[in-house]
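K.L.:
Provided below for reference: sequence and predicted model.
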Amino acid sequence: MAKNDNSHAVRFYESLAKLEEEAAVEFAEKHPLSKSADIAKKFAWAKAQCAFLEERFPPEDMAEVRARCHCEAGAAMARRMRGYLEKSADLSEFARMFNQREKYVSLEAVEDGLLFIYPECYCSCVKRVPEPISRTWCLCTLGHIRGLMSQVLDREPQVELLETIKSGGERCVVKVYM
């Protein structure tokens, strides 16, 4: 049997197994992904994962499975963000301070929270393939931002995926409800 040792494959297996072990085993056997997988293989695996989830599970289960597949949020970034937040009078000032000092993502204060805005896709599984992928794939971003903001706020915030580049949007946008 092919290796299933890619970190994305391991995270997906563990996440799906929390919901349904049998489904996790089935997907891993049909769609193995090794550490040495190239860009095309990773993208095909990601598409297969979306189709598998979409055929078998309701949206809320898909969202939780994908959210658990997130890349870890850095503790250093969380500490910097907490510092910006503590020095800010409100969310608008927090977003301005963050945007002046950080790269790769910007923040925008909105009435009931913050928008995390990514100008490009950073996902190593799909970013280099020019074709779109289901929005289901991008739900991992919710887990990433929820984890980051949990460290910043000392509580788990509600998050919502509003737009993704890989599903046809101009940017990736996640709303954090404060």
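P.N.:
Thanks, I have it. The structure displayed is predicted, hence computed values, not measured ones. Numbers count the residues shown, from 1 in each chain.

K.L.:
can you give me the strands in the chain?
P.N.:
Remark: strands assigned in the chain by DSSP state E are 106-110, 113-118, 158-163, 172-177.

K.L.:
and the third one, which strands flank it?
P.N.:
Going back to what we said before, that points to strand 158-163. Using DSSP bridges, the strands paired with strand 158-163 are strand 172-177 (antiparallel).

K.L.:
for the record, mean pLDDT for the strand it pairs with?
P.N.:
In this model, strand 172-177 carries a mean pLDDT of 98.

K.L.:
which residues sit in contact with the spatially most central residue of the chain?
P.N.:
Closest residue to the average C-alpha location of the chain: Thr141 at 1.7 Å, with Cα atoms, centre = their mean. Contact analysis of Thr141 by Cβ atoms under 8 Å, 6 or more residues apart in numbering lists His70, Leu161, Thr164, Cys172, Val174. Placement of C-beta: from N, CA and C, glycine included.

K.L.:
dump the strands of the chain into TSV; add distance to Lys18 as well.
P.N.:
TSV is the format used below for the strands of the chain (distance: least, Cβ to Cβ, whole Å):
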stretch	distance to Lys18
strand 106-110	31
strand 113-118	25
strand 158-163	19
strand 172-177	22
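
K.L.:
in a markdown table, list those along with mean neighbour count.
P.N.:
Converted to a markdown table, the strands of the chain look like this (neighbours: other Cβ atoms under 10 Å):
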| stretch | mean neighbour count |
| --- | --- |
| strand 106-110 | 17 |
| strand 113-118 | 20 |
| strand 158-163 | 17 |
| strand 172-177 | 20 |
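
K.L.:
how about the biggest helix by length in the chain: buried residues?
P.N.:
Using DSSP state H, we find that the single longest helix of the chain is helix 39-56. Of all the residues in helix 39-56, those buried under the rule 16 or more other Cβ atoms under 10 Å are Lys41, Lys42, Phe43, Ala44, Trp45, Ala46, Lys47, Gln49, Cys50, Phe52, Leu53.
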